[in-house]
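> what shape does this take:
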Amino acid sequence: MKITLVLIVGIVFMLSYSIDTVSAYSTTAITVPSGTKYTLWTDLNAGNRFQVSISVSGGTNDDVYLAVTDPYGNTLVSGRIVQQYSTEIVADSTGRYNFEFDNNMSAVSDKQVSFSYQTISQSQNPNTPSSDSTNYNPNVQESYHYVYIDQLPDYATSYATNVIYEATNAWTNANPDIKFYKAETEGQADLVVHWIRDYGTVAGTLGEYVRGTKLVQVGLGDSNCLGTWQPYSTQTVEHIATHEIGHFLGLDHSSNPNSIMYPVIPIDYGEVTIQQNLAAGYISYVPFCTSKDETSFHYSITSDDPTYGFKVYVVPAISEYDGLKNSLSFNHYSGSGCYGENYITYGNTCEGISKGSGLLIILDNRQTNALTKLTITQQEIPFTTGTMQSTTSAIVSYNYMSNAEETQATMQKAISEAQSSLQSQIDAAAKAQAQAEAQAESVAQAKEQMQNKINTVMEKAQSEISKVKSEAESKIGAISEAHEKKDVYQSQIDKLNSELISLEKSISDKSDESSQDEINMADTSPTRDYTLFLHITIKA
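Just a heads-up that it's a prediction; the model follows:
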């Protein structure tokens, strides 16, 4: 049989390949070298639909492994594509989707991948009221309503605690003039919500509102799955409540399949659990509970046999179960999450299966006890999120506010905002003061640095002055000493001059007393002058 995988996808290629628009038909060829991976990604809005075709060539097997993850990192598809693959794709949630082509299994062969796509439609999240919903009736434009919610049954607290709050809040988000408040009693309310465990065979009814009344009834589950009552998923109950409250607000059904007021919705069940006690080698078939033509399921199987396990296969119809019993052959989905062999405990997600599909479980021919107890769970992946919604998640309770409570909350908000503003001003003033103090400290430091420089210059100048003064005083002392020496030398010179004069006189007197002969000789000989001149100059 032909197996079709479901990819939640849009196209913008990383690396050197890119497509900026997805409004027209396009084909892109990429090469995935051997031993490498090639990643593609796209940002999509919930409700976008594409027709996608993939072909692979290169190497012996013409195959490549593909893994697709949603914006939350959950693996949506993981398996091997051989030669050809095509499907219609619906983006269940808004965000970035990643596609990883893995060619690590091939050591020598590059793979050529041709990726073709065509936009089919773009739509909104069907669980969200939109402009086409809020504009059907003028009465929706401004209204105030008091809501009384009947006590939720204990069996539904794990998945329906917040659905009325979310449903009314969805309408307020679509039109802020629509407000809802909590009523303490039914008498005070103009909108009363009652819970219905099971509408039974009432023509597929999920919820109801009778015009002219204040009563909205919301279904919590039905007995159409495996013949026993099963809870709806949180998304389904919220969708029912939002739809019926739309009728309460005066809206009729819409012909737009993407509107919250469209009269038909696919049902998602919560976690469905059954138990079976089976003999060795027994073959069991458990159908998936869905109203969709194509869907995805998370499932798990646990055996109480500590030694011998089981095999499980997702098959497209109960006829495969009959074929196995009669001819020992059957067809099953081949995606990596669609089968498991020889396990004691096994769980996985199988994507892209058709209505009528189910689990084919084959027990080992050996078993520890007389009977083996299997616990089997299944949960459809909700169409509004693209991820499994657990029915055992933590419960958060919401309550509507009365007028007085809303006024008090408004006043408290204003007080908080004023306190926050005052605190901001105080913080700003403290910051400004800290900055001023920092500036003052900086100025003081600069002043101190300048004074230190002035002191250094003055000290250096004083040192130079002292040095010059000392040198001047030394020179003055030397001059004074020179003057004193001059006086002494002058006195000595005067004394020498006096002695010379006396000597000259003495010489002159002796000359007169010389003999005549000597005189005569003197008359015939050149005159000799023995006068001694001594000239001494003293410089100060």
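
> low-confidence ranges in the stretch 401-540 of the chain?
The model of the stretch 401-540 of the chain has pLDDT under 70 over residues 401-407, 409, 512-540.

> could you rerun that using 80?
Applying pLDDT under 80 to the stretch 401-540 of the chain flags residues 401-414, 416, 509-540.

> in it, which spans are helices?
Here the stretch 401-540 of the chain has its helices, by DSSP state H, counting those that start in this stretch, at 403-512, 516-524.

> and of those, who's closest to K37?
helix 403-512 (49.7 Å; CB to CB). For the C-beta atoms, the positions are set from N, CA and C on the backbone; glycine is no exception.

> could you check how far the closest one is from the centre of its chain?
Remark: helix 403-512 is offset 63 Å from the chain centroid, using CA atoms, centre = their mean, to the nearest Å.

> from Y269, how far off is the residue nearest to G337 when sequence neighbours are not counted?
Computed as CB to CB, 6 or more residues apart in numbering, the closest residue to G337 that is not its neighbour in sequence is N348, at 4.0 Å. Distance, N348 to Y269, by CB to CB, to the nearest Å: 18 Å.

> so for these two, which sits in the more crowded spot?
Between N348 and Y269, counting by other CB atoms under 10 Å, Y269 is the more crowded of the two (24 against 19).

> surely that one meets P231?
Yes: assessed by CB atoms under 8 Å, Y269 is found in contact with P231 at 6.7 Å.

> list the residues that contact both of the two?
G221 (CB atoms under 8 Å, 6 or more residues apart in numbering).

> returning to that earlier point: let me know which of the helices of the stretch 401-540 of the chain is the nearest to S296.
Of all those, helix 403-512 comes closest under CB to CB, at 42.1 Å.

> packing partners for that closest one?
strand 178-182 (3 or more CB pairs under 8 Å, 6 or more residues apart in numbering; DSSP states H and E).

> direction included, what does the following helix or strand past the strand it packs on pair against?
Where DSSP states H and E defines the elements, the next helix or strand beyond strand 178-182 is strand 191-196. Under the criterion DSSP bridges, strand 191-196 sits next to strand 143-149 (parallel), strand 215-219 (parallel) in its sheet.

> got the contact list for the closest residue in space to Q188 that isn't next to it in sequence?
Of all residues not flanking Q188 in the chain, Y146 sits nearest, at 5.9 Å (CB to CB, 6+ apart). By CB under 8 Å, 6+ apart, Y146 lies in contact with 180-183, 188-191.

> my read: K325 touches I283, true?
Yes: if you go by CB under 8 Å, K325 and I283 touch, sitting 6.5 Å apart.

> with neighbour numbers in mind, choose between these two.
I283 (14 against 11).

> what does the pLDDT read for the more buried one?
According to the prediction, I283 has pLDDT 92.

> OK, contacts around it?
321, 324-325, 360-363.

> what's the domain layout of the chain?
12-121, 131-248, 274-380, 403-520 (automatic domain parsing).

> could you pull up the mean pLDDT of the first one?
Confidence over domain 12-121, taken as the mean pLDDT, stands at 66.

> doesn't R366 fall inside a strand?
No: using DSSP: H, G, I helix; E, B strand; the rest coil, the assignment for R366 is coil, not a strand.

> show me the two of the contacts of Y146 that sit farthest apart.
Of all pairs in the contacts of Y146, the most separated under CB to CB is F180 and Q188 at 13.2 Å.

> which SSE is D222 in?
strand 221-225.

> also G79?
Here G79, judged by DSSP H and E, is contained in strand 75-82.

> remind me what that strand packs against, helices and strands.
strand 49-57, strand 63-69, strand 345-354.

> list of residues touching whichever helix or strand comes after the longest one?
Spelled out, it's strand 345-354. As assigned by DSSP H and E, the chain's next helix or strand after strand 345-354 is strand 358-363. Residues outside strand 358-363 that contact it (CB under 8 Å, 6+ apart): 278-288, 299, 301, 308, 310-315, 317-318, 320-321, 324, 330, 332, 372, 374, 376, 378.

> again, only using 6 Å
Here strand 358-363 makes contact (CB atoms under 6 Å, 6 or more residues apart in numbering) with 278, 281-288, 310-313, 315, 321.

> per-residue confidence averaged over that strand?
For strand 358-363, the per-residue pLDDT averages 94.

> now do that strand against strand 345-354, angle only.
Here strand 358-363 points in a direction 150 degrees away from that of strand 345-354 (axes from the mean of the first three to the mean of the last three CA atoms, to 10 degrees).

> let's see strand 358-363 as PDB, backbone CA atoms only.
In PDB, the C-alpha atoms belonging to strand 358-363 read as follows (Å, rounded to 0.1, in the frame of the first residue of the first chain):
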ATOM      1  CA  GLY A 358      -6.000   1.400  14.600                       C
ATOM      2  CA  LEU A 359      -3.500  -0.600  16.600                       C
ATOM      3  CA  LEU A 360      -2.800  -4.200  15.700                       C
ATOM      4  CA  ILE A 361      -1.200  -5.900  18.800                       C
ATOM      5  CA  ILE A 362       0.400  -9.300  18.600                       C
ATOM      6  CA  LEU A 363       1.500 -11.000  21.900                       C
END
